[in-house]
Structures are given as structure tokens and as C-alpha cells.
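# Pasting the sequence and the predicted coordinates here, then a few questions.
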Number of protein chains: 2
Amino acid sequence: MPVTIKDVAALAGVSPSTVSRTCKDHPSISRQTKEKVRQAMAKLGYEPNFQASSLATQNSRTVGIILPPSEWEAYQNPFYLEMIRGISQYCNQKQYINTVITGQNEDEILQAIKTMARTGLAEGFIVLYSREQDPVLDYLYEEGLLYVLIGKACRNVNQTIYVDNDNVLAGREAAEYLLNLGHVRIACLSGDHSLLYNHDRKMGYMLALAERGIPFDGQLCVEVPSVPEEQDQALAALFAREDRPTAVLVSDDILAVALEKACIGLGLSIPGDVSILSFNNSLLARLTFPPLTSVDVNACQLGIEAAAQMISHVENPELVATKIIVPHHLVERESCAGAGGFCGD
Amino acid sequence: MPVTIKDVAALAGVSPSTVSRTCKDHPSISRQTKEKVRQAMAKLGYEPNFQASSLATQNSRTVGIILPPSEWEAYQNPFYLEMIRGISQYCNQKQYINTVITGQNEDEILQAIKTMARTGLAEGFIVLYSREQDPVLDYLYEEGLLYVLIGKACRNVNQTIYVDNDNVLAGREAAEYLLNLGHVRIACLSGDHSLLYNHDRKMGYMLALAERGIPFDGQLCVEVPSVPEEQDQALAALFAREDRPTAVLVSDDILAVALEKACIGLGLSIPGDVSILSFNNSLLARLTFPPLTSVDVNACQLGIEAAAQMISHVENPELVATKIIVPHHLVERESCAGAGGFCGD
DNA sequence: CTGAAAGCGCTTACAG
DNA sequence: CTGAAAGCGCTTACAG
């Protein structure tokens, strides 16, 4: 069953070297012999052995995909699957393989990375999350391993390759959208700020308000821990004040669902009493009631670009660290209305 | 930087063969030399090269993970990530690597599988979904490739290794739970029935009703296509009849969220007017309002067992096709109430 | 333009 | 109990 380069060489009446060279379309091989060899390859269904060529070229053609520790709540975000899909798609096409690395916590992940790096298994790593002071990122950097980050780099910015959305801009545009609907008391609800995108989106929100001369009100900004149980109070508190917000910018669909839940609990209708604008545009955004207006960040594209950067750096080590910005776009649904509220009670 | 077996051999004053053998704790090597070699390995931080050992043993130690085509709606289910996590965890630990395979549609996936199989890249494939008449599954079977299926096999049952929940039992227990709450008109809402677990859960539901002597009412069973837009009518129709159901069994959390949405639209309160019991117990189940009582199917464990089966079959080809059943358990939250309804309007 | 040869870093019968 | 040697299937200077 396993047909090797020798079989092809024999059938075509050339040496293995020649077969190898026509596989990579080496210019020195004549058109005629290439043709002969290709026919032999086709007839035998030859495909070069991956391991052997890895060994010979000293390129394992595999990239590690690092998921956040599974103990993080955010872990279950469909977002990650989308990025994996993008990476996988690009890798499949370039004949690279990807291996996902997970662990309960950072130690387990570090352990896995270490052995992969030492066994020469992975050429580099794509990290699916970006956080301040992340031990995994620090390790990668210190060891001089190749990695690309999805999300903005925080340390060693100049030396790290990353692909990200312009989250400040996204946050700003989202806030402007609400502003344009006439909202003034706009709250900002976000997850863990050590995750950079949460932070950036809030910055954008602040910029947009500042630009309109709306004073910043810290009490309107709540950062919630990841455990849902504990969120309820924080969310309720947001609406407890007299001049409660009429709109909320939420950093993720999952959180937005939790917010919708809180609103229902408080008897607030959406978008009648409060408008909700969220990010990531996952399946959830379409399914909840009301369907969420959400900023799509093109997660799959983030994955594709990350894989593309990875592979081009593997193959051209002299390349310098680039930064890629993937566009976002707002998808309008039914969770936002004018400030007056026209579905109100 | 790359320390090889020769370096270790040199330092320990033995031959490479001996180093190789002590790596695998071969019994014929004396305790003393093993000790010597281990010290040398530790000092140099030696880790055998993955590609080289793959090539020599003719075992690539990599397993392909096949996701459903991304054009399926179900694709975004966090469920898949959980299974990937389980697989990845087990593989990492056994020093195997996993590569995820995706594609827009089945053709793209088939293409990727073909080249992986021919390049000797993957020893086998774990298929994350099980469907009637699936071309991917058929291909795998016909080519005699090693694969394990997560979900029940439909064709070639005796020859396929699979790991699954007992979905019939799960459906039955779930229905019994509602029955025990006093519900009689229980609807069953499920996704695409060509996905076997949807079918099985419904079978369980039918069994439970039959056992209580409740006549089966086909109109209470709705199978929805995956596109949310089209679901709304089907869901609304369920509640349009005079003797509307007081409880519904839903085959997945995502669908349950859509159902909650429909109920709100119809002015039905949960669980006051209708109880909802769903499956999969994803993050969603906790976040929506009200939080969903849901059957947890241990997705991560499904992944772990699948990987374990895969690896043991790679290493022992004579093994016969086993079937593994992973347990489920019901997680009670707030979406189910007694048939009378005590939160009603 | 093409081939013989050495090499990638392991493994494993075969000798001893 | 240990080592020399051949081999896994490719690649790529080096000759010609």
C-alpha cells in the first residue's frame, strides 16, 4: 500500500532525486522528464511521506494551537472554535498540520509546550488569547520560540507577531451607534479586563463618549468576573440607580445573554427600556430574544491570518514581526432602539 | 540547540542503541547503564525527535479530528470544543498529536482526509458527529482506514469503534423526569434527525410515554431544520393548539434558547406555563433566563475515550471494534416545574 | 539536466 | 547485556 519515491522512480525510469525534484517543480528538471514522472506519480497515487520529508528538511510542518486553560469560563466561547477552523483551513491547504494544546491550567499548558518544542514537534505556536502578564506568552518569548498571538500584544510588542481586530475602533463605532440612536447614559459591561480585547473595547467606548462631551461615569462601567452566579448582582446594580442606563455595550455575546436574563428578571424590556449591543456575533446573537445587534469580528479570518503569518515565518525566518488587523462589522438586529424607547412599557 | 541521541550516547559513554532502548525502558538493559544514560539525558535535556521516531517506527502518532462541515448550523456548538479538549488532553499525555480537519462541505473534508491518509500523516481519524449516510464515514470504511466515531454507528456497526452516550436512555430519563413532575402533554423538539443523537433522544422520549400508557401524538414532535429563521413558525405552531404542551424536551441547549425566545414572544412564562428540559448542559444552560435544566453528556469524557480507543487501536491493530458508553446526568436548574405551573401568570 | 551518495535522527533485528 | 549496521522515506549539496 505505501508507495514510495523509489516505486515512482522505477516506474518512470529515473532516480529518486529526480522524482523529489519534480515534486517541488525544481526548474532544473526538463519538461519531458517532469511529465514522465508526473504520470508515474499519478498512476501509482504517490504522495510524499510526511514524516520523512519533515525529517529531511528539518521542518515538522506542524503548528501548535494554544487554547486558554479550560478552567476559564470564557473557554466555552464558540469564538475559539471559529478561530481553530480558520487555522485548520489554512493549514490543510498548505499541507501543514496543527495540533491543539489544552490544559486545565497554565502549568499543564506550559508542560505540553515544553515537550513539543523539545521534541521538534511544533515549529511554532498560535496563541488564541491575549492577556496581560501571561506565563505562557512569557515562556514562548523567553525561549525564543516562534509564536503568533491572536489579540494584541502587551509585552515585547515589537518582537511579537500578532493578528487582531482594531478593538478600540470597534468599541468606538459601537458606542457611536448607540449615541446616534440618541442614547446618553450608556453603560459598558465587560469581562475580565486582563483579556486585552475587553480593555480595548472599553477604551473605544470612552473615546466615543469623550468626543461627544459626555462625562465619563465610572459607575456605568462594570467589569464582571467570569462566574455567572456572581454576575447577577453586578448587573442588577447597574440598573438600580435613578438615572439608569438606557443602553449597554457588552463585550461578548455570552455576557449579553446573561444581561438579557438580568433585564428580564428586573422587568426591563429590550430594546424598549434598554438597548443592548454586543460583540462577536456568534450563533447566540441570532437565537436569543430579542436577537442581538452585535459586532462581528471575523473570528475565522483571524485564524486564517494567524496561520498564514505562522507559516510564512516558518518558511522565511528572516521575516520581521508583522501585525495584522482584521476588519469588523456591525450586524444590526433587534436589540437596539432609539433612546426614547418605542417598545417600552 | 537540538540535542540528539548521539550526544547523549557520547556523554554516557554508550551506543545510540542503548540510549534508544533505555528511553523505552527495554528490559535487557542493565539497571546501572540505564541510570547512567538517564543522567546524561537529564543533563542535556534530551527529548527524542518526534519525526525521526515516527519514521523509524512507521507510526506517525497523529490522529485527525474531523469536525462537521462548517456550513452546518450545528457547527458552532460549544460541544465540539469540549470534545476536542478531551481528545487533545489525552493525546498530549500519550505523546500523540492531533490535527483538526475542517471544510465548508463534505467534499473539502474528504479531500483533506485523502491526502492525510496517503501521506501517512494520520494513523486514524476521530469523527465528531454521526449521521446516517455520511460520505465521510463511508469513505473511511471503504478504504479500511482506522477511525473512531463519536456517536452511534449506523452502518457497518460491528466493524466500527464508537463512543457514545446512551441517548435513548438519556431521552427516556429526561422524559420520565417531566412525567414525574406531572406533565402529560410533553412535546419533543429536536434538530436534524439524520444526526443520530437527535433521533435516539426522541426514541427515549417515546418509550417513556409508552410506558406510562400515554398515546403518542405526532404533532407534539417537531424536528426543526437548522436555520433559526425558519424555526420560529414551527415553534409557534407547537403552542397554537388548544391543548398546548406543558413541557418540552429539547435535544440541545442552543435549540432550547431558541425555544425560550419563542415562548417569550408568545407570552408564555417558563417554567410557569411551560417547562423546558434540554441536553448538553453547555455554558448557555446556565446563562439564559431561566437557567435550563439540562442533561450533561460529558462531552470532554467522550473525547477522552475516543482518543483512548484510537491510540490503543493504533498500537494494537489486532484489537476488535469496541463500543464505549459514557454516562450522562441530569443537572437541575430552574426551567422545569410541576405540571400545574406555580409561577404562572 | 540528472544521478549517486550522504544525511536527517531514530529503531531494531542480528551478532556477539 | 550491548553494539554495529541497516533501514525508515525523503532531500540536497556535489559531481558530471
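Arrived safely.
# All the strands of the stretch 151-300 of chain A, residue numbers only.
Secondary structure of the stretch 151-300 of chain A, counting by DSSP state E, counting those that start in this stretch: strands at A:161-165, A:186-190, A:221-223, A:247-250, A:275-279, A:293-296.
# which residues touch the second one?
Just to be clear, that refers to strand A:186-190. By C-beta atoms under 8 Å, 6 or more residues apart in numbering or on different chains, the surrounding residues in contact with strand A:186-190 are A:175, A:178-179, A:198-199, A:201-202, A:205, A:209, A:220-224, A:235, A:238, A:245-252, A:255, A:259. In short, each C-beta sits where N, CA and C put it, glycine included.
# Would you tell me which of the strands of the stretch 151-300 of chain A gets closest to DNA strand D?
Closest to DNA strand D of those is strand A:161-165 (C-beta to the nearest atom of the strand; 23.9 Å).
# Can you list the buried residues in the closest one?
Of the residues in strand A:161-165, those scored as buried under the neighbour-count criterion (16 or more other C-beta atoms under 10 Å in any protein chain shown) are A:I161, A:Y162, A:V163, A:D164, A:N165.
# repeat for stretch A:312-327
A:H313, A:V314, A:I324, A:V326.
# what about the second one, distance to B:A40?
Taking C-beta to C-beta, to the nearest Å as the measure, A:V314 falls 31 Å from B:A40.
# Tell me where the stretch 1-150 of chain A has strands.
Along the stretch 1-150 of chain A, counting by DSSP E, counting those that start in this stretch, strands occupy A:62-66, A:97-101, A:124-127, A:146-150.
# Rebuild these as TSV, extending it with mean pLDDT, distance to B:G265 and mean neighbour count.
Listed next are those as TSV, based on pLDDT from 0 to 100; distance: least, C-beta to C-beta, whole Å; neighbours: other C-beta atoms under 10 Å in any protein chain shown:
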stretch	mean pLDDT	distance to B:G265	mean neighbour count
strand A:62-66	95	39	26
strand A:97-101	92	39	27
strand A:124-127	96	41	25
strand A:146-150	95	37	25
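# Tabulate those strands (JSON lines), appending distance to A:P27.
What follows is the strands of the stretch 1-150 of chain A, written out as JSON lines (distance: least, C-beta to C-beta, whole Å):
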{"stretch": "strand A:62-66", "distance to A:P27": "28"}
{"stretch": "strand A:97-101", "distance to A:P27": "28"}
{"stretch": "strand A:124-127", "distance to A:P27": "29"}
{"stretch": "strand A:146-150", "distance to A:P27": "29"}
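# Of those, which is nearest A:D25?
Across the strands of the stretch 1-150 of chain A, the minimum distance to A:D25, taken as C-beta to C-beta, is reached by strand A:97-101, at 22.3 Å.
# Let me know whether the closest one sits next to chain B.
Yes - judged by C-beta under 8 Å from any C-beta of the partner chain, strand A:97-101 and chain B are in contact via A:I97, A:N98, A:T99, A:V100, A:I101.
# One more: stretch A:43-56?
Yes - applying C-beta under 8 Å from any C-beta, one finds stretch A:43-56 in contact with chain B at A:G45, A:E47, A:P48, A:N49, A:F50, A:Q51, A:A52, A:S54, A:L55.
# tell me, which of those residues make contact with DNA strand D?
For DNA strand D, the contacts drawn from these by C-beta under 7 Å from any atom of the strand are A:P48, A:N49, A:A52, A:L55.
# Report the closest residue of the stretch 201-345 of chain A relative to DNA strand D.
Among all residues of the stretch 201-345 of chain A, A:E315 sits closest to DNA strand D, at 10.9 Å; criterion: C-beta to the nearest atom of the strand.
# tell me the contacts of that residue?
Neighbouring residues of A:E315 by C-beta under 8 Å, 6+ apart: A:N59.
# Then A:N156?
A:Y141.
# can you check A:K36 too?
A:K36 makes contact with A:A12, A:G13, A:V14 under the criterion C-beta under 8 Å, 6+ apart.
# In helices, which of the residues you listed appear?
Cross-referencing those with the helices (criterion: DSSP state H) gives A:A12 as the overlap.
# Could you identify which of the contacts of A:K36 has the most neighbours?
In terms of neighbour count, A:A12 stands highest of those at 22 neighbours, by other C-beta atoms under 10 Å in any protein chain shown.
# Just the pLDDT for that one.
Reading off the confidence values, A:A12 has pLDDT 90.
# Just to check, it is in contact with A:V19?
Yes - with contact defined as C-beta atoms under 8 Å, A:A12 and A:V19 form a contacting pair (6.9 Å).
# Next, show the common contact partners of the two.
Shared contacts of A:A12 and A:V19, defined by C-beta under 8 Å, 6+ apart, are found at A:V37, A:A40.
# Chain B contacts on the stretch 201-345 of chain A?
Counting by C-beta under 8 Å from any C-beta, the positions of the stretch 201-345 of chain A adjacent to chain B are A:228, A:254, A:257-258, A:260-262, A:264-265, A:282-284, A:286-290.
# The stretch 51-200 of chain A now?
Neighbours of chain B within the stretch 51-200 of chain A, by C-beta under 8 Å from any C-beta: A:51-52, A:54-55, A:60, A:62, A:67, A:70, A:73, A:75-78, A:80-82, A:84-85, A:88-89, A:91-92, A:95, A:97-103, A:112, A:115, A:118-121.
# and the residue of the stretch 101-250 of chain A nearest chain B?
For the stretch 101-250 of chain A, the residue positioned closest to chain B under C-beta to the nearest C-beta is A:R118, at a distance of 3.8 Å.
# How about the contacts made by that residue?
A:R118 makes contact with B:G45, B:E47 under the criterion C-beta under 8 Å, 6+ apart.
# now do 10 Å
The neighbours of A:R118, taking C-beta atoms under 10 Å, 6 or more residues apart in numbering or on different chains as the test, are A:E143, B:M1, B:P2, B:V3, B:G45, B:Y46, B:E47, B:P48, B:N49, B:F50.
# same deal with A:N77?
Neighbouring residues of A:N77 by C-beta under 10 Å, 6+ apart: A:68, A:83, A:128-129, A:191, A:252-254, A:280, A:282, A:284, A:299, B:78, B:81, B:283.
# Looking at those, which is nearest B:A170?
For B:A170, the nearest member of those is B:P78. The distance, counting by C-beta to C-beta, is 18.4 Å.
# That closest one reaches B:S282, doesn't it?
Yes - under the criterion of C-beta atoms under 10 Å, B:P78 makes contact with B:S282 at 4.8 Å.
# Residues that sit against both of these two, list them.
The contact lists of B:P78 and B:S282 share A:Q76, A:P78, B:D253, B:I254, B:A299, where a contact means C-beta under 10 Å, 6+ apart.
# Just the buried residues of the residues of stretch A:43-56 next to chain B.
Among the residues of stretch A:43-56 next to chain B, the ones that count as buried by 16+ other C-beta under 10 Å are A:E47, A:P48, A:N49, A:F50, A:Q51, A:A52, A:S54, A:L55.
# before we move on, back to that, please identify which of the strands of the stretch 1-150 of chain A is closest to A:Q309.
Shortest distance between A:Q309 and the strands of the stretch 1-150 of chain A, using C-beta to C-beta, is found for strand A:146-150: 4.9 Å.
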